[in-house]
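Novice: Structure for this input, please:
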Amino acid sequence: MDLSAIVLLAEAAAEPGARSPAWVMILFALGMLATYVGVAIDSFHKTVAALLGAVVLVPLALVLGVLPDYDATYEILSHDLNIFGVIIGTGILVDVTGRSGLFHFLSILMVKATGGRASALYFALCMLTFAFVAVLTIVPAMLILSSLVLVICRKLDYPPKPFLLSVAICANSGAVVTFASGLPNIMIGTQAGIPYVQFLMVSAPYALISFLVALAVLRFAFRRSLPWRQNAAEQADLQGRIEQFDAWALVEDRRVLVSSALILVLTVIGFALAQPLGVGMDFVAIAGGTAALLFAGKTIEDSIAKVNWTIILFFLGLFLIIGCVKATGSLNWLAEQVVALSNGDTGLLVALLTVFSAVASAIVDNIPVAATLIPVVNQIGGGDVAAEPLWWGTILGCNLGGNGTPIGSISCVIALYTLKKEVHETVSWGEFIRLGGTIMVVQIAGAIAYLLALDAMGWIPSLPG
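Specialist: Residues are numbered from 1 along each chain as shown. Here you go, the predicted structure:
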């Protein structure tokens, strides 16, 4: 078969309502799979992998008629511009707020409140992680907390490994709390049209449950690693060391700290009120970032530069790849097979999607997994199958699946890198999987039971529109 015949065949298959030939679907699916392999390989930067995949698949889609013309690529990206807006706005806001010294200030106050006791400090740091990630998203929160843990452990002579691993695993529960707590939430929430308040109603309760599950397992796992019981003399020595901690050490201007805190609170409120006000989450994020630059930002150029442009380029390539694969009809075919396998049973569909998203996120990364599953869930949800439980299963699976392996979550990657670089201590895959994998299995089983119980009682709110 010559090239012209291939093009004519593919163009005919790509007409509206048609599906590309099986070999075309397989070709593009393999291209996407190859990109994910590149994402998973540490020595190959995931942004380069995504851009390379897009550079290969877009021309191929045009030649084979999978996309009608190049303008179709802009149509693909137009559906996800709001995600870029949220990333840019929150990135600026978090950087400016961090420079104000607010997060360091709050952290030191908590350390002083615990008296430095290992048990109280351990639980306080885990709770602080949960709260910080819920408000700040996982990357900036982990960068702040990993630095804080190192300082505290060095000053108090505590081993950093139990603290860093616990903070990393608890961070994945914090990422479930709100619409803006994690990138998978932003991606899935915007595509599904989930209001901010609904996230708090459905996701936040299980975020807390999963956090408590993780905390219980971690406390048992590290039962011999920390001095959980300390006598009066040890506590007095700790108190003397803690008195040297200065909560105001990183605060250059108290007015900037107050204004940063106020802007952060108003932005979170704005996220909750975005839908009733008729504006997008991206507008609220950009407004919060702009206010931070206007009222609290001294180094505007630096703050804008601190936006995670790497992840934005990663998304750019990834969305183009998935758009091309979707245009072949292969994701629709996959959705049909999932429905056929479950015989249309909602409970089985929830279990399948939750487990698949968790396992895939542990192996690759939850961002490409979420991006791939969005069109699949869109296709499945409809008719006799309720879409809402499927979206929530995907959200919980993508976030909590990160606990399964050392590379499953950016929080685990940051913690293990910090441990290796600063403490010269490594954690093997086997050791991590025994800990994090156990927690993931329990959390995912609980997530399925939680969603099925809510669905049976009719407590999962219907999505607007």
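Novice: Quick one: neighbours of residue 252, just the number.
Specialist: 11 (other Cβ atoms under 10 Å). For every residue, glycine as well, the C-beta is placed using N, CA and C.
Novice: Then residue 227?
Specialist: Per other Cβ under 10 Å, the neighbour tally for residue 227 reads 13.
Novice: Now do it, the pLDDT please.
Specialist: With respect to pLDDT, residue 227 has a value of 90.
Novice: Mind checking what secondary structure it has?
Specialist: Using DSSP: H, G, I helix; E, B strand; the rest coil, the secondary structure recorded for residue 227 is coil.
Novice: How about the contacts made by it?
Specialist: By Cβ atoms under 8 Å, 6 or more residues apart in numbering, the contact set of residue 227 is 118, 158, 234.
Novice: what's the spacing between it and residue 345?
Specialist: Residue 227 sits 51 Å away from residue 345 when distances are taken as Cβ to Cβ, to the nearest Å.
Novice: so which of the contacts of residue 227 comes closest to residue 215?
Specialist: Taking Cβ to Cβ as the measure, residue 215 lies nearest residue 118 of those, at 14.8 Å.
Novice: That closest one against residue 228, yeah?
Specialist: Yes - Residue 118 lies in contact with residue 228 (Cβ atoms under 8 Å); the separation is 6.1 Å.
Novice: Residue 73: how many residues sit nearby?
Specialist: 18.
Novice: Please apply the same query to residue 113.
Specialist: Counted with other Cβ under 10 Å, the neighbours of residue 113 add up to 12.
Novice: now it, nearest residue through space, not along the chain?
Specialist: residue 124 (7.3 Å; Cβ to Cβ, 6 or more residues apart in numbering).
Novice: Surely that neighbour touches residue 109?
Specialist: No - the criterion here is Cβ under 8 Å, and residue 124 misses it with residue 109 at 10.3 Å.
Novice: The two: which has the busier surroundings?
Specialist: Between residue 124 and residue 109, counted using other Cβ under 10 Å, residue 124 has the larger neighbour count: 16 against 11.
Novice: ok, now which ones touch that one?
Specialist: Under the criterion of Cβ under 8 Å, 6+ apart, the neighbours of residue 124 are 110, 111, 113, 114.
Novice: For residue 115, see how far away the residue nearest to residue 113 is.
Specialist: Residue 124 sits 10 Å away from residue 115, taking Cβ to Cβ as the criterion.
Novice: would TSV of the contacts of residue 124 with secondary structure be doable?
Specialist: Formatted as TSV, these follow (three-state DSSP):
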residue	secondary structure
110	helix
111	helix
113	helix
114	helix
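Novice: just curious, which of these is nearest to residue 279?
Specialist: residue 110 (34.3 Å).
Novice: Comparing residue 118 and residue 228, which residue is more hemmed in?
Specialist: Neighbours per residue (other Cβ under 10 Å) separate residue 118 from residue 228, with residue 118 holding more: 21 against 14.
Novice: Provide a list of residues in contact with the more buried one.
Specialist: Each residue near residue 118 by Cβ under 8 Å, 6+ apart is listed here: 158, 226, 227, 228, 230.
Novice: Pretty sure residue 373 is one of the things residue 357 touches, is it not?
Specialist: Yes - the pair residue 357 / residue 373 is scored as a contact, 5.9 Å apart, by Cβ under 8 Å.
Novice: okay, and the common contacts of the two?
Specialist: What both residue 357 and residue 373 touch, as defined by Cβ under 8 Å, 6+ apart, is the set 394, 398.
Novice: Residue 342 - how many residues pack around it?
Specialist: By other Cβ under 10 Å, the residues close to residue 342 number 18.
Novice: That one against residue 349, yeah?
Specialist: Yes - counting by Cβ under 8 Å, residue 342 does reach residue 349; the two are 4.7 Å apart.
Novice: Can you mark which positions in the helix or strand containing residue 83 are buried?
Specialist: Using DSSP states H and E, residue 83 sits in helix 81-99. Neighbour counts over helix 81-99 (16 or more other Cβ atoms under 10 Å) mark 82-99 as buried.
Novice: so who does the nearest residue to residue 366 once chain neighbours are set aside touch?
Specialist: For residue 366, ignoring the flanking residues on the chain, the nearest one in space by Cβ to Cβ, 6+ apart is residue 398 at 4.2 Å. For residue 398, the contacting residues are 184, 188, 357, 358, 361, 366, 369, 370, 373, by Cβ under 8 Å, 6+ apart.
Novice: Distance of the third one relative to residue 369?
Specialist: Translated: residue 357. Going from residue 357 to residue 369 by Cβ to Cβ gives 6 Å.
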